[in-house]
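J.: Curious how this folds, go ahead:
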Amino acid sequence: MSFRRFLIKRTVIAALLTLIAVSIIFATLRLLPADPFSALVASGSLTPEEVEQVRAMYGLDDPIYVQYLRYVENLFTFEFGISLTQQRPVGEIIVPALVNTLVLLLPALVVTAILSSLAGMYAGWNRGSWFEQSSIVATTVFRATPIFVTGIFLLIIFSYGLGWLPAFGMRSPLANPQGYVATYASVDFLRHYILPFTATVLFYSGDFLMLARNSVVERKGSEFLMLHRAKGLSEMEQLGRAGRNSLLPLVTYFALRTGMLFQGVITLEVVFAWPGIGRALVQAILNQDYPTVQAAVFIMALAVIVMNLTADLAYAKLDPTVETGDV
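T.: Down below sits the predicted model:
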């Protein structure tokens with residue numbers, strides 16, 4: 001199978017998965033017992049007649065198949081509708097929240113991947129050393145501890161205990177930066193950034209360290225390294241050769257983990273009151289804001305599907321036996 005056919009096949013599968021995810025989101029929200037407008041009637045803020053008018057305005061009184069087709073069309077064109085609670089376009093809520101999440105996650109994931117992979121390669125090359133044993137124990141403990149628990153411990157120590165860093169939010173209450181540079185490059189932002197960034201790095205460091213370590217362990221006794229050893233290459237040069245041959249699983253895992261991070265960040269954003277997409281999703285669920293919930297879950301599902309597709313294509317490019325089916 002050529003790479004072009006492999007690309008088409010995987011893209012079609014990703015599109016079908018996206019449609020399935022969209023359908024599940026639609027069905028799940030419609031099956032919930034609570035109606036987003038029931039609280040308005042119960043509180044007396046709107047009469048039943050006024051609620052029916054609002055439902056008609058949002059198209060919720062249309063047949064279910066009409067709602068579904070309109071919903072699919074809107075999502076695939078990134079028209080998320082109007083928030084039920086904030087009465088403004090959902091895109092104005094979701095896009096800034098998504099940017100804040102990416103600013104938190106992507107640098108943390110890149111740093112984790114680089115540092116933990118290098119540490120894992122060194123640990124795998126020096127099996128039985130104190131470095132290997134201590135690094136495995138430390139990263140296993142952090143990986144086994146839920147990320148929100150790690151975040152709470154960091155808050156207790158560095159915010160409430162020592163008072164070195166702020167506890168909540170992305171900036172101080174009186175700060176009003178204008179533009180992306182002023183928002184994300186200020187000292188105030190960096191002080192708020194350190195703790196959630198550290199919690200993310202600590203939680204995911206074990207994955208990359210163990211993956212890199214195991215890859216190097218598998219290759220340490222291989223014939224190609226024995227040949228390099230016979231040529232007189234130093235230990236560090238041999239480690240470099242083994243490390244380069246271990247990059248394939250690391251690259252693909254990086255792509256997969258990038259997509260899955262959106263799910264893991266929800267509790268972290270709640271703990272640190274970080275104004276990201278996870279916190280926006282929680283607030284929308286509490287407020288029964290259907291359009292915002294649909295948009296946030298769709299973006300998270302789309303991120304997982306796209307990064308899985310990226311991982312498949314990267315693996316196929318780096319290892320041609322994947323696309324041809326040869327072993």
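
J.: which helix is the longest one in the chain?
T.: helix 90-125 (DSSP state H).

J.: C-terminal to that helix, what's the next element?
T.: Later in the chain than helix 90-125, the nearest helix or strand by DSSP states H and E is helix 130-144.

J.: now for the helix or strand that that following helix is followed by, which elements pack on it?
T.: Per DSSP H and E, the first helix or strand lying C-terminal to helix 130-144 is helix 147-154. Helix 147-154 is packed against helix 187-220, helix 247-272, with contacts defined by 3 or more Cβ pairs under 8 Å, 6 or more residues apart in numbering; DSSP states H and E. Backbone N, C-alpha and C define where each C-beta goes, glycine included.

J.: need the least confident one among those, by mean pLDDT.
T.: Lowest mean pLDDT of the helices and strands packed on helix 147-154: helix 247-272, a mean of 71.

J.: could you say what helices and strands the helix or strand just after that one packs with?
T.: Next helix or strand after helix 247-272 toward the C-terminus (DSSP H and E): helix 277-286. Judged by 3+ Cβ pairs under 8 Å, 6+ apart, helix 277-286 is in contact with helix 90-125, helix 247-272, helix 290-318.

J.: Pull out the buried residues from helix 277-286.
T.: Buried residues in helix 277-286, counted by 16 or more other Cβ atoms under 10 Å: Ile277, Gly278, Arg279, Ala280, Leu281, Val282, Gln283, Ala284, Ile285.

J.: OK, contacts around the last one?
T.: Going back to what we said before, that points to Ile285. When the contact criterion is Cβ atoms under 8 Å, 6 or more residues apart in numbering, the partners of Ile285 are Val293.

J.: Give me the three-state assignment for Thr85.
T.: coil (DSSP: H, G, I helix; E, B strand; the rest coil).

J.: okay, now it: neighbour count?
T.: 15 (other Cβ atoms under 10 Å).

J.: Next, the contact list for Arg289, please.
T.: No, residue 289 isn't Arg; it's Asp. By Cβ under 8 Å, 6+ apart, Asp289 lies in contact with Pro36, Ser83, Leu84, Thr85, Gln86, Gln283.

J.: Now do the phi/psi pair for it.
T.: Note on Asp289: backbone dihedrals following degrees, to the nearest 10 are phi -90, psi 90.

J.: same deal with Ile82?
T.: Torsion angles, degrees, to the nearest 10, at Ile82: phi -110, psi 140.

J.: unless I'm mixing things up, it is touching Pro291, no?
T.: Yes - at 6.4 Å, Ile82 counts as touching Pro291 under the criterion of Cβ atoms under 8 Å.

J.: Between those two, tell me which one has more neighbours.
T.: Remark: of Ile82 and Pro291, Pro291 carries more neighbours, 24 against 16, as counted by other Cβ under 10 Å.

J.: tally of neighbours for the residue nearest to that one when sequence neighbours are not counted?
T.: Counting by Cβ to Cβ, 6 or more residues apart in numbering, Pro291 lies nearest to Gly81, which is 4.1 Å off, once chain neighbours are set aside. Using other Cβ under 10 Å, Gly81 has 19 neighbouring residues.

J.: Also Tyr184?
T.: 16.

J.: residue contacts, it?
T.: Tyr184 is in contact with Val103, counting by Cβ under 8 Å, 6+ apart.

J.: any idea of the pLDDT on it?
T.: Predicted confidence (pLDDT) at Tyr184: the value is 75.

J.: Could you check how far it is from Thr112?
T.: 19 Å (Cβ to Cβ, to the nearest Å).

J.: Quick check, pLDDT for Tyr315.
T.: Value for Tyr315, per-residue pLDDT: 69.

J.: that older thread, let me see the contact set for the residue nearest to Pro291.
T.: Applying Cβ under 8 Å, 6+ apart, the residues near Gly81 are Tyr58, Asn74, Pro89, Val90, Pro291, Ala295.

J.: By neighbour count, which of those residues wins?
T.: Ranked by the number of neighbours (other Cβ under 10 Å), those place Ala295 first, at 31 neighbours.

J.: for it, what are its contacts?
T.: Listed by Cβ under 8 Å, 6+ apart, the contact partners of Ala295 are Leu75, Phe80, Gly81, Val90, Gly91, Ile94.
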